[in-house]
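Novice: sequence below, structure please.
(chains A and B)
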Protein chains: 2
Amino acid sequence: MSDLRVTYRLTSPEPEALARALCIEQTIEFPFDLVTDRFVQDHVVARLEALEPAGPGQALATLAFEPHVVGAELPQLLNVVYGNASLLPGVRVEALELPRELLSVFRGPRFGVAGLRRLVDAPTRPLLCSALKPLGLPLDDLADMAHRYALGGLDFVKDDHGLADQPFGRYQARVAACADAIRRANAEVGGHCRYVPNVSAPADQIVARARFARDAGAGGLMLAPGLVGFDTLRAVADDAALDLPVFLHPAFLGSFVTRATEGLAPGVLFGTLARLAGADASIFPHAGGRFSFSPADCAAVAAACAAPLGGLAPALPAPAGGMRLDRVGELGDFYGTDVLFLIGGDLHRHGDLVETCRRFRALVQGRRDDSFA
Amino acid sequence: MSDLRVTYRLTSPEPEALARALCIEQTIEFPFDLVTDRFVQDHVVARLEALEPAGPGQALATLAFEPHVVGAELPQLLNVVYGNASLLPGVRVEALELPRELLSVFRGPRFGVAGLRRLVDAPTRPLLCSALKPLGLPLDDLADMAHRYALGGLDFVKDDHGLADQPFGRYQARVAACADAIRRANAEVGGHCRYVPNVSAPADQIVARARFARDAGAGGLMLAPGLVGFDTLRAVADDAALDLPVFLHPAFLGSFVTRATEGLAPGVLFGTLARLAGADASIFPHAGGRFSFSPADCAAVAAACAAPLGGLAPALPAPAGGMRLDRVGELGDFYGTDVLFLIGGDLHRHGDLVETCRRFRALVQGRRDDSFA
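Specialist: Alright, predicted model coming up:
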């Protein structure tokens, strides 16, 4: 039976002592010298499996956890990987290696890359998405925007993640109107555009909002696990009665990824954990936009979205955050074709919105798998 | 109508540009020059209300948000305060000022400090807690430990936060056995000890576990919002049918508080947000234990747990993380009496556990409000 392996980057003058402390901290959180139970000593406390220097003042420590320490629950997996460790300075999760026993617990993306492609009838090219914004725009204008996005050939139209259930912008009215607008546009042009409302709602309303969205004809759901919890996303993705693809939004997750000595490696967070939670598309900030990801971070996310992970489907990386039409070529060179391009404000800078969306679509139309670098 | 005010510490060579960008980023996330709607311009985009230097390379920026941007939902409050901003380097939330309109949305702690004191019949002294650990201990041993803690006069016995529903340690069997052990001990010594099981469970099982705990006679519930989401804790705390105090555990929240230039000030996270979410007790790492909090951080948490916050009850700060009996005097000097002392492993270092708990209790018995520094 193989173990869960977590590789931590330790920034510490005493990496071995810290690594050994983590074996305790992430499992029994109890003085080892007071443990008399052999089962706990031998099968619950993690083992330090490898420790190697990794640059000045840093080391990489690999800890092995028997899978029964996690059981079959995502919150406890997060806890074992980085629960108390998150409170220690100089401890960052660099890599996760999940044994089949744990991977089999998680369904993963219900649709994945192939499923999303099927849903929008786009077997090979990059997929296209934009957002309904700005927050506060009258309902008719939002619905009109959704209509134009769909007329222009976008594959997905998501709510901006700040669109919740505000007094000036109610959830149900928005979802009904925008789903209807996209349905009409699809009928007009024979399109397959799907509306993805934001259901990062109060815990006791998420299922109801998701069902309302499905009944209104939404084509996906967006959740920000930083706001609602990773396992909440997992529960929505796993809900067979919903049967909708799920987009992960990165709001409130940034503190895990804004520095190199603590937190979680971007590929672990937006790739591996996103897929374990069942995200079909994982939105993250592309390098060179408003946010702080490096090209290496972005490449790591894309790689983790696609890497073998038991039987779990790959997720579609969705670089976002200040993207522009004039960067689509560069983005295509960087990500290849298995990518969801998310451009928001910039689509509104170039005159007629429908025409701009068509240009966006034309920019990726010719791309095939052979465009991979 | 007054505004939600968020004060950010900006570490940036261009703090004003960053502050103005945040006014957009945290609301409409759309190019302001493309906004034609007057309502959006005037009532949705945040206003930069103050900007002042705060040390080398840093500034404090206060943004004012009209409360309707949040609506009445905790996830959207988190999003407005720090959603996308979490992805920007050099942005930290230092302070929150919540208008009555938003505060009235949240019930806050159902019991609070006074309620917890009533439940355990301890009107003035510091309250005492320990944890059932180590993970993996046989059920009978855990129940025996619970029994001894209660015989010794602890007020609360919580699950270690790694106790979930593992194959070697099932949730229902544990909760039933430990609740029963504590009930027996209370009957033997006329005590009021309460068992607080960990319900940081899969999203779709939390309500069922909480109900099971209540029916089994548990006296509280513990959740880690880093693992399950802040609003999940809020929903459990708000559940009148449960009617149990809620303990917040800090697992997986550390990345928000391990550095001074990003994340959330500890008082905001473990004080203000904890209370908005309804935590009656807020567990956090005390300075000088295994973790990285400074005395100033701890004082800020305790202050934010007690500070006026609309009509919301104060929460009990619960310093933890490698605490020891020989520090109780110092902790009492530091926190005064409105505090929950959480000592885990160290209680097992001093011979008979019941006697050690009695010593722990005796150490705080004489403390009264006049012991405040």
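Novice: contacts and neighbour counts: CA atoms only from here.
Specialist: OK.
Novice: can you give me the helices for the stretch 251-373 of chain A?
Specialist: Taking DSSP state H, counting those that start in this stretch as the test, the helices found in the stretch 251-373 of chain A are A:266-267, A:274-276, A:295-306, A:328-335, A:353-365.
Novice: hey, which of those helices is tucked in deepest?
Specialist: Greatest average neighbour count among the helices of the stretch 251-373 of chain A goes to helix A:274-276 (a mean of 27), per mean count of other C-alpha atoms under 10 Å in any protein chain shown.
Novice: neighbouring contacts of it?
Specialist: Helix A:274-276 is contacted by residues A:103, A:106-109, A:234, A:248, A:282, A:305, A:312-315 when judged by C-alpha atoms under 8 Å, 6 or more residues apart in numbering or on different chains.
Novice: tell me the contacts of A:Leu221?
Specialist: Contacts of A:Leu221 by C-alpha under 8 Å, 6+ apart are A:196-199, A:210, A:213, A:244-247.
Novice: swap that for A:Ala95, please
Specialist: A:6-8, A:265, A:268.
Novice: which positions in the stretch 51-200 of chain A make contact with chain B?
Specialist: Within the stretch 51-200 of chain A, the positions lying close to chain B (C-alpha under 8 Å from any C-alpha of the partner chain) are A:68-76, A:78-80, A:82-89, A:133-137, A:162, A:164-168, A:200.
Novice: just give me the residue right at the centre of chain A.
Specialist: Centrality entry for chain A: nearest residue to the mean C-alpha point is A:Ser282, 3.1 Å, by C-alpha atoms, centre = their mean.
Novice: now restrict the residues of the stretch 51-200 of chain A next to chain B to buried residues only.
Specialist: Among those, the ones that count as buried by 16 or more other C-alpha atoms under 10 Å in any protein chain shown are A:68-76, A:78-80, A:82-89, A:133-137, A:162, A:164-166, A:168, A:200.
Novice: can you tell me the helix or strand for A:His161?
Specialist: Following DSSP states H and E, one finds A:His161 outside all helices and strands.
Novice: is it true that it touches A:Phe247?
Specialist: No: the pair A:His161 and A:Phe247 does not pass the contact test of C-alpha atoms under 8 Å, sitting 10.9 Å apart.
Novice: picking up where we left off before, mind putting the contacts of A:Ala95 into JSON lines with neighbour count?
Specialist: Listed next are the contacts of A:Ala95 as JSON lines, based on neighbours: other C-alpha atoms under 10 Å in any protein chain shown:
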{"residue": "A:Val6", "neighbour count": "22"}
{"residue": "A:Thr7", "neighbour count": "22"}
{"residue": "A:Tyr8", "neighbour count": "29"}
{"residue": "A:Ala265", "neighbour count": "25"}
{"residue": "A:Val268", "neighbour count": "20"}
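Novice: ok, so of the residues you listed, who is nearest B:Leu325?
Specialist: Closest approach to B:Leu325 among these (C-alpha to C-alpha): A:Tyr8, at 31.9 Å.
Novice: let me know the helix or strand that the closest one is in.
Specialist: Secondary structure (DSSP H and E) places A:Tyr8 in strand A:4-11.
Novice: pull the residues that contact that strand.
Specialist: A:18-19, A:57-67, A:81, A:90-99, A:102, A:261.
Novice: so which of those residues are in strands?
Specialist: Using DSSP state E, the subset of these located in strands is A:58-65, A:91-97.
Novice: isn't the residue nearest to the centre of chain A right up against A:Leu316?
Specialist: Yes: using C-alpha under 8 Å, A:Ser282 is in contact with A:Leu316, at 6.2 Å.
Novice: picking up where we left off before, quick one: which of the contacts of helix A:274-276 has the most company?
Specialist: A:Ala315 (33 neighbours; other C-alpha atoms under 10 Å in any protein chain shown).
Novice: which residues touch that one?
Specialist: Counted by C-alpha under 8 Å, 6+ apart, A:Ala315 has contacts A:109, A:112-113, A:271, A:275, A:279-282, A:305-306.
Novice: distance of it from chain B?
Specialist: 21 Å (C-alpha to the nearest C-alpha, to the nearest Å).
Novice: repeat that for A:His43.
Specialist: Following C-alpha to the nearest C-alpha, the distance that separates A:His43 from chain B is 8 Å.
Novice: next one: the helix or strand where A:Gln172 lies to chain centre, how far?
Specialist: Here A:Gln172 sits within helix A:171-189, counting by DSSP H and E. Centroid displacement of helix A:171-189 relative to its chain, using C-alpha atoms, centre = their mean, to the nearest Å, is 25 Å.
Novice: next SSE downstream of it?
Specialist: Criterion used, DSSP H and E; the element after helix A:171-189 is strand A:194-196.
Novice: other SSEs contacting that next one?
Specialist: Identification of packing neighbours for strand A:194-196 by 3 or more C-alpha pairs under 8 Å, 6 or more residues apart in numbering or on different chains; DSSP states H and E yields strand A:156-159, helix A:171-189.
Novice: kindly recompute the last result at 6 Å.
Specialist: Where contact means 3 or more C-alpha pairs under 6 Å, 6 or more residues apart in numbering or on different chains; DSSP states H and E, strand A:194-196 is packed against strand A:156-159.
Novice: what sits up against the strand it packs on?
Specialist: A:129-132, A:193-198 (C-alpha atoms under 6 Å, 6 or more residues apart in numbering or on different chains).
Novice: repeat the analysis, applying 8 Å as the threshold.
Specialist: Contacts of strand A:156-159 (C-alpha under 8 Å, 6+ apart): A:128-133, A:146, A:149-150, A:193-198, A:222.
Novice: average pLDDT for that strand, rounded please.
Specialist: Averaging pLDDT along strand A:156-159 gives 98.
Novice: direction included, what does it pair up with?
Specialist: strand A:127-132 (parallel), strand A:194-196 (parallel) (DSSP bridges).
Novice: and stretch A:254-264, end to end?
Specialist: End-to-end span of stretch A:254-264 (C-alpha to C-alpha, to the nearest Å): 10 Å.
Novice: chain center to that stretch, what's the gap?
Specialist: Here stretch A:254-264 is found 16 Å from its chain centre; the criterion is C-alpha atoms, centre = their mean.
Novice: surely A:Asp3 touches A:Glu66?
Specialist: Yes: counting by C-alpha under 8 Å, A:Glu66 is a contact partner of A:Asp3 at 4.9 Å.
Novice: hang on, the earlier thing: of the contacts of A:Leu221 - the most surrounded one?
Specialist: Most surrounded of the contacts of A:Leu221: other C-alpha under 10 Å gives A:Pro197, at 32 neighbours.
Novice: could you list the low-pLDDT ranges of chain A?
Specialist: Of all residues in chain A, those with pLDDT under 70 make up the ranges A:1, A:367-373.
Novice: how about the residues of the stretch 201-350 of chain A by chain B?
Specialist: A:201-204, A:225-232, A:235, A:250-258, A:262-263, A:285, A:290-292, A:344-345, A:348-349.
Novice: just the residues you listed: which are in strands?
Specialist: Short answer: these in strands (DSSP E) are A:263, A:285.
Novice: quick revisit: which residues are in contact with the helix holding A:Gln172?
Specialist: Outside helix A:171-189, the residues within contact range by C-alpha under 8 Å, 6+ apart are A:139-140, A:142-144, A:146-148, A:150-151, A:163-165, A:191-195, A:197, A:209, A:212-213, A:216-218.
Novice: from those residues, which ones fall inside strands?
Specialist: Among the contacts of helix A:171-189, the ones falling in strands (DSSP E) are A:194-195.
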